[in-house]
Each structure stands twice: as structure tokens, then as C-alpha cells.
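S.K.: Pasting a predicted model and its sequence here:
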Amino acid sequence: MTGREDRRENDLFFTCSLIEYIARRTKNRRSVVVNLLGRTMIEKIYDLADVYHSDNIDTVSEDFIEKAAICEGSFDNVSAARFAVPSHWDIGKVYKRLVLGIAKEKKLPIADAVIEAYNSFVSDKIDDYNSSFYYEAPQNILNAYLEGRLE
């Protein structure tokens, strides 16, 4: 570990932030982006995050948009937001914490936990910027996922 955070956790943070960035650029639900990227590309992003992080995020995202053939969608939660929109880095951190919790609780590899997180009902709640769910304590978000419902 160097710095304030474990290197692999930082790699996951970048992976989740890139997914968010791609979803915003293509106006797709996060689950659509994750499913089109697939396990192999998610693993590649996670494994090479330290390299990708040094490059321009527009270039990196464009490369993955092309490789995964991600088309323009119609989901625009940024334009629909009535309040301040969290950055892709802010949402990346929310997902990173959720993915780590899922991986630990279900004993899953990170790529599988990423797919689980983004394909859960919790993802729709996180992506509703008109609610405050994404500001919830990380444990509350994980508990909602694990219990399959909001309290």
C-alpha cells in the first residue's frame, strides 16, 4: 500500500469512475455499459487502471466505447437532475465501496462483484441524482443490496 488507499482499491475506484464516465457520454444506464463491456474488458480496465488513469479519460472512454460497441442511449440522469450533479469520480467512489462490500460478503472476484453491483436495483437508486440515496452511508447501500430492498 502506498498513499492513503490500497492500490487495488484505487484501481477499482478508477474502473467504476470510468464506467460512470462512459455511461454519461453515451447516455446509457450503468448496467447497459457494464454488460456491453463484459467481464473480460472489466478485468482489463481493473488490471490496467494505473496505466489508464495516466491517460486522458476521454481517450480511454472512447476506446472502450468503440471496443464494446456501445451505442448512444436515451438515459440522461445528468440532464434530469434538479440539483447539483455528483461528478463521475463521486459516483465512482460510491460504486467502489459497494463492489468491495459485495466481493467480501459474497466472496466474489472483483469483476463479478462489479457486474452484480451494476445489475442490481441499487444501481438505479444510486443513479437517481434527484434522491439522496448515493449520499447514504456505504454500509446502508450495501445492506440495501444484500437485503434486496430499501428500509
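M.R.: Yes, it's here. Residues are numbered from 1 along each chain as shown.

S.K.: Low-confidence ranges, the protein, go.
M.R.: By pLDDT under 70, the weakly predicted segments of the chain are 1-3.

S.K.: where do the helices sit along it?
M.R.: Secondary structure of the chain by DSSP state H: the helices cover 7-26, 30-47, 49-52, 57-67, 77-80, 88-106, 110-118, 121-126, 138-147.

S.K.: Residues contacting the third one, please?
M.R.: With CB atoms under 8 Å, 6 or more residues apart in numbering as the contact definition, helix 49-52 has outside contacts at 7, 10-12, 14-15, 18, 45, 60. All C-beta atoms are positioned from the backbone trio N, CA, C, and that covers glycine.

S.K.: Show me which of those is closest to Ala137.
M.R.: Leu12 (18.8 Å; CB to CB).

S.K.: If you drop the residues flanking it in sequence, what lies closest to the closest one?
M.R.: Nearest non-adjacent residue to Leu12, counting by CB to CB, 6 or more residues apart in numbering: Lys96, 4.9 Å away.

S.K.: picking that back up, okay, the helices of the chain in TSV with distance to Ser132 and mean neighbour count next?
M.R.: What follows is the helices of the chain, written out as TSV (distance: least, CB to CB, whole Å; neighbours: other CB atoms under 10 Å):
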stretch	distance to Ser132	mean neighbour count
helix 7-26	18	22
helix 30-47	18	19
helix 49-52	29	16
helix 57-67	27	15
helix 77-80	14	13
helix 88-106	12	20
helix 110-118	19	23
helix 121-126	10	18
helix 138-147	11	16
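
S.K.: Now do the same contact list for the closest residue to Ile126 other than its chain neighbours.
M.R.: Leaving aside its chain neighbours, Ile126 sits nearest to Tyr134 (4.8 Å; criterion: CB to CB, 6+ apart). Tyr134 makes contact with 86, 90-91, 94, 125-128, 141, according to CB under 8 Å, 6+ apart.
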